[in-house]
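*Asks:* Sequence isn't available, so here's the structure alone:
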């Protein structure tokens, strides 16, 4: 159920900065740059410097002010989102318990390279009527409806945790529309934790939001706190506030989708190039799910992010932006 810096003047230059400034992680993430990756996976090359930390408060404000909002009407509900930047379209899919604002740092860094499109799953800001089913297929159709609304016949994807199921389903259903994908914390099937099983069983009957559950803070602390930048304690509050907005009933619906999904038999059908991001801090279960994807997807490669934890879009946005840039943009010809 998982699912930020000061000196905003420097933030505006980060996406187009030279490679030595789009970084390894010391500056904004508060971690060193020298740890080794596991054998056989890629990582950013040696870099000479680290970027000035982003001021997440100012970036979030700029994200809201500079992006354009949209609304897509679906049967019985509306999908709401934002678009920021210029370039080829990149769609970012949230995890199980987060909102589209959690991508504000990465979208801001990439705004000169991609047209970043974010939107919130149905039920993110309000409970879903019990008569309406939310399924993996309906979320896939929501993604494609947003792309239709934006006029994007083809686009690339970045998806984290729960969003990876939506991404995989979309690549299976619309292989001609999704060109490439980067998946972080991804899985084709996954067993739920005790807290997640409890939410699936009880959440459909519980009013209120995730932050109202007595164990939610302890679970968040255990899974994520250590990976957040020590130089900016407020970014942790940004995460908990963002995650706490999701209604319990919506979390239960998403947990049920995870519980009932096993896409392993279909992985060989997915032909798009895929980058799987593996993070330091992944537990044994997450690593096993990663290996299933790495073996089952015909055109997948793995990248390693040290000191990033499960939420690199918040803990290590510069390094994540570099992976997205390098994998999703076409290679430039060498200078004459």
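*Replies:* Arrived safely. The structure displayed is predicted, hence computed values, not measured ones.
*Asks:* Tell me where the model's unsure across the stretch 101-250 of the chain.
*Replies:* Applying pLDDT under 70 to the stretch 101-250 of the chain picks out residues 130, 195, 203-205, 208, 210-216, 218-222.
*Asks:* need the helices for it, in chain order.
*Replies:* Assigned by DSSP state H, counting those that start in this stretch, the helices in the stretch 101-250 of the chain fall at 104-109, 136-150, 162-173, 194-202, 216-224, 234-243, 248-259.
*Asks:* Next, the buried residues of the fourth one.
*Replies:* Looking back up the chat, that one is helix 194-202. By neighbour count on 16 or more other C-beta atoms under 10 Å, the buried set for helix 194-202 is 195, 196, 198, 199, 200. All C-beta atoms are positioned from the backbone trio N, CA, C, and that covers glycine.
*Asks:* Quick check: the farthest pair among those residues?
*Replies:* 195 and 200 (10.0 Å; C-beta to C-beta).
*Asks:* Give the partner strands of the strand ranked longest in the chain in its sheet and their orientations.
*Replies:* Ordering each strand of the chain by length in residues (DSSP state E) puts strand 77-85 first. Its sheet considered, strand 77-85 pairs with strand 68-74 (antiparallel), strand 115-119 (antiparallel) by DSSP bridges.
*Asks:* how far off helix 136-150 does the last one point, in degrees?
*Replies:* Yep, that's strand 115-119 we're talking about. For strand 115-119 against helix 136-150, the angle by axes from the mean of the first three to the mean of the last three C-alpha atoms, to 10 degrees is 140 degrees.
*Asks:* gap between residue 184 and residue 320?
*Replies:* Per C-beta to C-beta, to the nearest Å, residue 184 is found 8 Å from residue 320.
*Asks:* Of the helices of the stretch 101-250 of the chain, which is nearest residue 76?
*Replies:* Closest to residue 76 of the helices of the stretch 101-250 of the chain, according to C-beta to C-beta: helix 136-150, at 10.8 Å.
*Asks:* what about that closest one, distance to the chain center?
*Replies:* Here helix 136-150 is found 17 Å from its chain centre; the criterion is C-alpha atoms, centre = their mean, to the nearest Å.
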